[in-house]
Structure formats: structure tokens, C-alpha cells
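In: with the input below, show me the fold.
(3 chains)
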Amino acid sequence: MKSVGYTLKGTPISIKVAESAEDLTLFRAFVAENPVLGFDTETTGLDWWDTDFRCRLAQFGNATEAWVLPVELGAEFTQAARWALGQAERLIAHNGTYDMHVSEARIGPTIEDLAPKLLDTKYLAHLVDPRAVKEAGPGLKLEELLKYYVDQQAAEEVKGSMTALAKKYKVKKEEIWPVVELFDTDFLLYAGMDPVWAFRLFHALWPKVPARSRKHGLVSWEHRVGYVTSKMERKGYLLDADYARERSEELLADQRRWEVEAAKYGVENVNSNQQLIDAFSAFGIKLTKKTKKGNLAMDDDVLSSLNHPLADAVVKAKKAGKWRKTWFERALKGQDADGRVHASINSCQARTARMSITGTIPAQTFPAGDGFVRSMFLADEGELSVSIDYGNMELRVMAAASGDPVMLEAFRNGEDLHNLTAIAAFGPMPPGAEKHPMRKAGKGTNFTVCFGGGWKAVSDQWGISPEDAKTAVKAFWGTYTGVKRFSEKLQREARRTGYVYTATGRRLPVDRDRAYAALNYYIQSSARDITARALIELDKAGFTEWMRLPIHDEIVFSFPEDRAEELTFKAARIMEMIFKGLLVPADGEIGGQSWGSVLELENSKH
DNA sequence: TAGAGAGGCACC
DNA sequence: AAACGGTGCCTCTCTA
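Out: Alright, predicted model coming up:
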């Protein structure tokens, strides 16, 4: 048996590396004595769906002792890891979703086997303080949390060792994992400490979870949400690789063509704002718009206002390049052996607990105007793409949470809230008109206020004159006085305590100098919890195999063609929820085989 | 050569 | 008095 020692705050940590059958006997004794175990894996990469993907080490530990199993070396070690995962009553891991995928793909126990045992420090950390490091919070990554809650110096030392190892092996940091010697002492220390870290972090975080969150059962609830999204990740989305390749090639041709055009004006690199600024200056064009930091801006807004062939070429070249790389190339690179792609869904991510989707399918940012990008994702053979989304989700949450009578009445009567705001600001609808001529100002005001903005934001973002924007925002607060009172109440609470609590018992930190954001945090977080609740209920009702992606106020499905109508109806009824007395309705749209076809169909209707 | 910051742009 | 909230990804540029 190889062993590595480490001292954490004066306490010796013993890391044992199994090398033989005798070692595994000792390992089994350790597992038998520790029903609650920290768990982690070291792998060749992050793409657990890849055929070349391997699990190299599996680690188990408590506060002072860890065992490292070199599962890469043979079946006896994998078998021991499998046994330990079955034996343990609870498994503590940080971002355990990933390790569940690894286990299922390369060790044995499935997500269904492991999820009931999982205690994920990522959810605990989020409930304690969801703020990122750059928001002056603890962050959500393991290393960040260790620095904050466990031991700053030790965390830097151990976690920094992989950077040093990469240097030693003369590879980039992300390339170290498949090439590092399995028994490299630094690697074993890094790997062995991980379950110890997770174990200690769990015990540091547990007492800090707000009492109200615990009372509402949020800890197990978040685990349940993550369980559902991890099954969606596993299922993946069928990719139309031919479509993706064709679009990618077209975009590349497009990009090249416009780059050549830009080069005629002396711009070699369309992505270099400096080159563009120099070029336009040389043409005698005065640039005025500034960035946040006070530099000259060179965004789409500036470029399209210039009315210059160079600006036109730059916009087109940049766009083609970005779209090709971000959407199509990314998806093509992420295919598994069955032609499916797998999202990485962070079920509890933003400050408000909103989910985020990263990696192969950054679905939350897919262009929404048409099906150009979404068309590369296909429902399974014999199935249809279906999108079910909530109607006016955040505005309904705002109405219900605040109890504003005017807004509630409007929603209950099926009135158009954007029209209503326009009427309040600019007078009654002209006779015979279907829409108020100032409806856009009303809509912009409704959304912007929901986001915490004022007249300036309404004016800038919605192209409304400052005067009209001022009028509309003033009318908003004068009409929806319940929203005003609610916002003021949240702001008082935020200034006094630094937090607001949602109806689900979630504690949201609010920066005292940005207390106005409290309303938005409350709404955004409540809306997220409505979608999260739907995921759990859909899972319970047996819909998970058909679920593909959650996107804020929308869930995308692949339903068997002959049952699409029925299942869409049922799923929408499950998603719908009465939030504080107001229905948040859900409505489904059935498309063809591709996700994009849902949009095309919808667009053709209007 | 990697990392970080900045700018920009895709979305809800 | 007013206040635009939350994400992810790509590229360039500067720094260490």
C-alpha cells in the first residue's frame, strides 16, 4: 500500500492508495466503519459520454482518512469502488452530478442508485450563500468554498498542485488529467484530499443553512431537482449532424467572404476593436460612444450607425464566426457514439438559483427568432419536438407575490397587461383599435421595472423617447401601487438584514447599495422555483425520458408521435401552478422532428 | 503560455 | 432621486 500524508490545521490526514487485494480488504473495513463517505473521481476529461472517456481514480474519505482506488488498473479496483458505492449510506460530493455520470458510465452504480444517497455540497453552499466570488461572495466551486469555509492556505496548496503538475508534464492545465502518472505523489495527494475536502466542507456548511430553508425542506428539494436534470443530461439530445455541418460550412464561407471585404479597408482582424477604431479614425469618422470603462465602443450599435461598407462587413464576419463556433462546431464536437449531445445543466446556479446550461448545448442563449440553430436538435425516431412554456411567468409572479389588485385583476380577466400599462400612462385605447398605439412602451415598462430598471433603461432598451419613458414608468408605479409597496418592503428588509426570503424559504443576499434589485431577485427566484417544481412533478409522473432541456420558463420535450397531443396536454397541466392564488399557465406547441420546427410553426401562425 | 479583464453578443 | 436583474461563450489584449 502506498500512502501519502498531509497536515490540515495541525491534524494529520492519511491518504491510502490501494495496490493489492490485501489493501482492498483494509479499504472494505474502512468503508464498513464509515457509512457516510466523501466521494470523488479523477477522470481523463469531463465528457463522460465519450467512448474514450476513462475513470482513473475513485476516492472515498472522511475528515482525516482517505482511500484512493486506481480503478484504471483493473477490475478488482473497479469492483471495490462499486461495492463501496453500494455499501455507503450517504455519499458527500461536490458537484456530485458529475461523479454520478462517471459512476454510471465506468464504475457501475447508476444515477438512480446514487442520487438517493447524495449529499452535494454545491447545493448546501448555494443555500448558505449563492454569490460568486466576483460578487464578494464565497463562490460555488470547490476550491473557492474551501478557501472560504475550510482552510484558505491548504486549499490553495493542494488545488494549486495540479497547475504545478501540468508544468512538470509540460502540458496545458486541462490536458493534465489523462497523462499524469497514476501514482504521482502530487496527483494522489490532490485526488485523496478531495473526498476529505467534500466531507469537511459538508460539515462546515450544514449548520449554516438558513433555518427557514431547512424548514421548507429546500436541501432535499434541490437534490431532487438536480436528480431530474442529471437524468436529462444523461439522455441527451439527438443531433442532426448533417444539418449542423452544412450550416457550419455556410457560415465559414460567409465569414471568409466578409473578412476579405474588411481586409480591403486595411482591417486584418475583424474581432480587434483596436484595428477597427484605428481604421475608422483614419477615414475621418468621429467615434463617440464609450464602453463601461470609458474606452471607445465598437459594438453592433455603433457599427450599424456608421453606414459604412467596412462596418457592414465586420458585423457580418463577426456574427458568422461567432455563430459557427458557438453553436454548430460546439455541438458537432460534443457528439457521443449514438449521435447524441449532452448538456451540462447546473440546476441551482445563479444568485437567484436560476439554472444555467453550459458546455455542448448552451441552450439558454440559442437565437430565438427562428429555428436556424435549434433545427439541429431532433426529437428521437418516431417522436416530435414539443415546447411547453409558461405565459407571462415573471409578470404573473410579480402580480401574485405583491398581491397588487390591479395587476391580479388584469391577469384573472385575461387582459393584456402591456396595453393596460399603456392606457394608464397615455390614455384610453382609440376606438376600434386592437392594440394601444403605445403598447410597446407599456411592455417595455412592465419588463424593465420587473428587472429593476427605471425610465432611462426603458428609453435606451426599448427605443422609447425619454419623455414617454418617464411618463410610462411614473404611471406604472402610480397604477400598480401593490407592486410599489411590495418592492419597498423587500428593500427595507434587504437594507436591514442584507437578505430577502422567497416563499420557498430561499434566502437571497441583496447588496445594500443595490437594494432596488430585491424585487427582481424575488421574482426571478420564485419563477425558477416554479419551473424546478415542474421538473420534479414531471419526473414523478414518468415524463423524464421525454424531457430534453429546461430553459427558464420553458421545457423542451421529445414525445412519441402518436401520443404527442395527449402527453403535451398532460405535461402542461403538470407544469401549471397556482402561485399565491394566481394561475401561472403553461401552453404547449407541437412541432415536427426538429426543435427548430416548433418555432417555424409558431412563426407561421402569427 | 496561461490567466484575467474587457468588450461584445446570444438569451430569459 | 434613481437605480437593468440573471446567465455563457468567443476573442483580443495585457500581464506575469
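In: tell me which residue of chain A lies closest to DNA strand C.
Out: As assessed by Cβ to the nearest atom of the strand, DNA strand C sits closest to A:G454 within chain A, at 1.6 Å. Yep, even glycine has a C-beta here, placed from its N, CA and C like the rest.
In: contacts for whichever strand or helix holds A:A125 next, please.
Out: Using DSSP states H and E, the element containing A:A125 is helix A:121-128. With contacts defined as Cβ atoms under 8 Å, 6 or more residues apart in numbering, helix A:121-128 is touched by A:92-96, A:138, A:140, A:142, A:145, A:149, A:198, A:201-202, A:205-206, A:208-210, A:213, A:218-219, A:222-223, A:226, A:348-349, A:353, A:506-507.
In: coming back round to it: which ones are touching the residue of chain A closest to DNA strand C?
Out: A:G454 neighbours (Cβ under 8 Å, 6+ apart): A:T448, A:V473.
In: picking that back up, so which of the contacts of helix A:121-128 sit within helices?
Out: Among the contacts of helix A:121-128, the residues falling in helices (DSSP state H) are A:96, A:142, A:145, A:198, A:201-202, A:205, A:213, A:218-219, A:222-223, A:226.
In: ok, so of those, who is nearest A:K16?
Out: Closest approach to A:K16 among the ones in helices among the contacts of helix A:121-128 (Cβ to Cβ): A:A198, at 17.2 Å.
In: what's the neighbour count on that closest one?
Out: 30 (other Cβ atoms under 10 Å).
In: the one 4 residues further on now?
Out: When counting by other Cβ under 10 Å, one arrives at 21 neighbours for A:F202.
In: one more: A:N273?
Out: Neighbours of A:N273 (other Cβ under 10 Å): 17.
In: for the most centrally placed residue in chain A, name its beta-bridge partners.
Out: Compute the mean C-alpha point of chain A, and by Cα atoms, centre = their mean the closest residue is A:S356, 0.7 Å away. Going by DSSP bridges, A:S356 is paired in beta bridges with A:N346.
In: from A:F187, how far off is it?
Out: 30 Å (Cβ to Cβ, to the nearest Å).
In: swap in A:N271?
Out: 38 Å.
In: who's more crowded, those two?
Out: When neighbours are counted by other Cβ under 10 Å, A:N271 and A:F187 differ, and A:F187 comes out ahead with 22 against 13.
In: please, which helix or strand holds the more buried one?
Out: Applying DSSP H and E as the criterion places A:F187 in helix A:185-205.
In: what about that helix, distance to the chain center?
Out: 25 Å (Cα atoms, centre = their mean, to the nearest Å).
In: quick one: it near DNA strand B?
Out: No. Helix A:185-205 lies out of reach of DNA strand B by Cβ under 7 Å from any atom of the strand, never closer than 14.4 Å.
In: put the alpha carbons of that helix into PDB.
Out: What follows is helix A:185-205, C-alpha atoms only, in PDB (Å, rounded to 0.1, in the frame of the first residue of the first chain):
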ATOM      1  CA  THR A 185       2.500  11.600  -5.300                       C
ATOM      2  CA  ASP A 186       1.200  15.100  -6.000                       C
ATOM      3  CA  PHE A 187      -1.700  13.600  -8.000                       C
ATOM      4  CA  LEU A 188      -2.500  11.200  -5.200                       C
ATOM      5  CA  LEU A 189      -2.500  14.000  -2.700                       C
ATOM      6  CA  TYR A 190      -4.700  16.100  -4.900                       C
ATOM      7  CA  ALA A 191      -7.100  13.200  -5.500                       C
ATOM      8  CA  GLY A 192      -7.100  11.800  -2.000                       C
ATOM      9  CA  MET A 193      -7.800  15.200  -0.400                       C
ATOM     10  CA  ASP A 194     -10.900  15.700  -2.500                       C
ATOM     11  CA  PRO A 195     -13.300  13.400  -0.500                       C
ATOM     12  CA  VAL A 196     -11.700  14.800   2.700                       C
ATOM     13  CA  TRP A 197     -12.500  18.300   1.500                       C
ATOM     14  CA  ALA A 198     -16.000  17.400   0.500                       C
ATOM     15  CA  PHE A 199     -16.600  15.700   3.900                       C
ATOM     16  CA  ARG A 200     -15.200  18.700   5.800                       C
ATOM     17  CA  LEU A 201     -17.000  21.200   3.700                       C
ATOM     18  CA  PHE A 202     -20.300  19.500   4.200                       C
ATOM     19  CA  HIS A 203     -19.900  19.700   8.000                       C
ATOM     20  CA  ALA A 204     -18.800  23.300   7.800                       C
ATOM     21  CA  LEU A 205     -21.800  24.200   5.600                       C
END
